[in-house]
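Asker: Give me coordinates for this.
(one chain, ligands or ions: 1)
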Amino acid sequence: MRPEGTVVREGLTDILVPGLHSVHGPGKIQGAVFFNEQMAFNRDVSVMLLRSAGRGLTVADAMAATGSRSVRIANEVPGTEVTANDISSDAVAYIDANIELNGLDNCESSNMNMHSLFAERSFDYVDLDPFGSPAPFTQSAIRGCRRGGILAITATDTAPLAGAHAAKCRRRYQSEPVRGYMCHEGGLRILICSIARELAKFDRGMRPLLSFYADHYFRTYIRVEEGAEAADRALGRLGYLQYDKDTLERSISYEKDPDHQYGPFWIGPLHDKDFLRGMSAEGLAEEKRASKYLDLWRNEIDTEVFVYDMSELSSHTKLSPPKIDAFMDHLSQHGRASKSHVSPSSFKTDIPLRELLPLYEEFSPDSRTHSL
Ligand SMILES: C[S@@+](CC[C@H](N)C(=O)[O-])C[C@H]1O[C@@H](n2cnc3c(N)ncnc32)[C@H](O)[C@@H]1O
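Answerer: Predicted coordinates for the structure are as follows:
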């Protein structure tokens, strides 16, 4: 019997979801089966990424709930063979209904504990979208990921990763989180670091294809690389951060020392720029938003420096912030600079702080020099 609910259209796909479901925010468990409308963008990005990842891929949606992501991938990414798995039989009733609703012959449901599923089968693409932290599930997801495959991992435990619950971050991720304006970049890099460390246990390395913070969650897509050398290379890209909130001085060290107390973080690139070049937001549910993010990710510079924020510079210098786009153009005359996707007021630059602060002061609307 078809479970109760309403049909929503997301992208090119119809999805039967429980009448009672989350619309905004982190998403609460409301009905028997979870669905959050706000994650449409997150599912869009999976579709967009898989469209550029090659044909004939086997996909495992390890924690599929209604199967929303699974059916979107099966319906919108030609050539995929999708397994939509969930431990809950109530969830599988929705998955089956959604496969039928979209007339899909390239999507199957599975009612297993994901740990058992990945002990038995492996896939080219493994998606992990748990409630809260992915940490208890990452090892199994790695087992279920084929040679050279892609791991896609969501973390909604923003408070620990971004430093609001530091003790929990230490327990889940064995990292010291950073608070303040760098907290979201820090959280994302702790998540990636934890995946690199898990992969290394299997003599596997990694390269992030795309990683981001949006709404209330972190998300990363990792290309798995095989072999001990690849694992060592990835571990070599973990590092520690020093940050002085009074002076805004920050630096990275690949060794832990008394000054560099935050981390470890993944210090390597967040995205594979060549890979991003092949992606397109056309036809997605939130095409405009996806296209805006795609632009930000493509242009974001991946220096070994964490983000600055206009508000951080403004409260430090006691000068009003200039318009960020104009300031980026100004900085680009002195070094590399770009906006960052983590917030509309954040940016990255390789210009040293001792040069950056005078450039900000000179460009602030309060500054006499600039207004003359
Ligand atoms: C956040 S929801 C997934 C949302 C879904 N990916 C979407 O886009 O709508 C997490 C799901 O994980 C399932 N789950 C929890 N533990 C599991 C396990 N060990 N194996 C498989 N599924 C599990 C829950 O039943 C729940 O449906």
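Asker: got the contact list for the residue of the stretch 201-350 of the chain found nearest the ligand?
Answerer: Proximity of the stretch 201-350 of the chain to the ligand (C-beta to the nearest ligand atom) peaks at Tyr217, 9.9 Å away. To be clear about C-beta, it is placed using only N, CA and C from the backbone, and glycine gets the same treatment. When contacts are counted by C-beta atoms under 8 Å, 6 or more residues apart in numbering, Tyr217 touches Pro26, Asn42, Thr154, Ala155, Thr156, Thr158.
Asker: Could you check the pLDDT of it?
Answerer: Listed pLDDT for Tyr217 reads 96.
Asker: So Glu76 versus Ser68, what's the distance?
Answerer: As defined by C-beta to C-beta, to the nearest Å, Glu76 lies at a distance of 12 Å from Ser68.
Asker: Please say which of these two ends up with more neighbours.
Answerer: Shown here are Glu76 and Ser68; by other C-beta atoms under 10 Å, Ser68 has more neighbours (28 against 23).
Asker: excluding its backbone neighbours, what's nearest that one?
Answerer: Among residues not flanking Ser68 along the chain, Ile15 sits closest, at 4.9 Å (C-beta to C-beta, 6 or more residues apart in numbering).
Asker: so the one you found makes contact with Asn98?
Answerer: Yes. With contact taken as C-beta atoms under 8 Å, Ile15 and Asn98 are classed as touching, separated by 5.8 Å.
Asker: returning to that earlier point: which of the contacts of Tyr217 has the most neighbours?
Answerer: Ala155 (27 neighbours).
Asker: show me what contacts it?
Answerer: For Ala155, the contact set (C-beta under 8 Å, 6+ apart) comprises Gly132, Ser133, Pro134, Leu161, Gly187, Leu191, Tyr217, Phe218, Arg219.
Asker: Tell me what it is bridged to.
Answerer: Applying DSSP bridges to Ala155 yields these beta-bridge partners: Phe218.
Asker: Report pLDDT for it.
Answerer: You'll see Ala155 listed with a pLDDT of 98.
Asker: Same check on the one 3 residues further on?
Answerer: Confidence at Thr158, expressed as pLDDT, is 97.
Asker: just Ala32 next, same as before
Answerer: 77.
Asker: Check the gap between Glu287 and Gln139 for me.
Answerer: Distance, Glu287 to Gln139, by C-beta to C-beta: 36 Å.
Asker: same deal with Asp246?
Answerer: Separation of Asp246 from Gln139 (C-beta to C-beta): 41 Å.
Asker: neighbour-wise, which of these two wins?
Answerer: For Asp246 versus Gln139, neighbours defined as other C-beta under 10 Å are more numerous around Gln139 (15 against 6).
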